[in-house]
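Enquirer: got a predicted model here, sequence first, then my questions.
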Amino acid sequence: QVQVVESGGGLVQSGGSLRLSCAPSGLTFVTYTMGWFRQAPGKEREFVAAISWSGGKIYYADSVKGRFTISRDNVKNVVDLQMNSLNAADTAVYYCAADRDPFGSVRTQAIEYDYWGQGTQVTVSS
């Protein structure tokens with residue numbers, strides 16, 4: 001059974017940093033593109049960042065480019081999202097997702113992703 005578990009959310013002041021981690025289990029990690037999405041109250045889920053199985057391809061949403069960094073460790077089977085210079089617009093529930101793609105592509109549409117975590121709340125106070 002596949003499980004995707006996020007951790008690291010919390011409350012942070014504007015301008016601060018947080019690091020989210022995601023540890024999928026029950027799947028062959030190196031055949032999955034891993035992504036982070038977020039959903040703010042009253043808004044649709046939106047793409048944040050994704051990384052191919054090898055780490056060779058990385059995409060970011062324009063809204064987080066230069067502030068967030070996605071990385072993965074294929075030995076420990078974890079994917080992280082380092083978030084710096086946070087602001088109130090980053091407040092949302094953050095979801096980790098897995099997209100089976102051994103060919104190394106990176107997709108940004110949530111519908112393409114096969115497995116999802118329960119989400120972790122990130123709240124940025126101004």
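Expert: Received, thanks. Owing to the predicted nature of the structure, the values given are computational and were not obtained by experimental measurement. Numbers count the residues shown, from 1 in each chain.
Enquirer: so what's S54 up against?
Expert: S54 makes contact with V30, G104, according to Cβ atoms under 8 Å, 6 or more residues apart in numbering. For every residue, glycine as well, the C-beta is placed using N, CA and C.
Enquirer: bridging across strands, which residues link to I58?
Expert: Beta bridges link I58 to I51 when assigned by DSSP bridges.
Enquirer: and it, how far from V79?
Expert: Relative to V79, I58 is positioned 11 Å away (Cβ to Cβ, to the nearest Å).
Enquirer: ok, Y32 next?
Expert: 9 Å.
Enquirer: who touches both of the two?
Expert: P24.
Enquirer: who has more neighbours, these two?
Expert: Comparing Y32 with V79 by other Cβ atoms under 10 Å, the one with more neighbours is V79, at 30 against 25.
Enquirer: who are the contact partners of that one?
Expert: Counted by Cβ under 8 Å, 6+ apart, V79 has contacts S21, C22, P24, M34, W36, I51, I70, S71, R72, D73, C96.
Enquirer: a helix runs through the third one, doesn't it?
Expert: So that's P24. No. Membership of P24 in a helix is not supported by DSSP: H, G, I helix; E, B strand; the rest coil, which gives strand.
Enquirer: what is it paired to in the beta sheet?
Expert: Beta-bridge pairing of P24, defined through DSSP bridges, involves V4.
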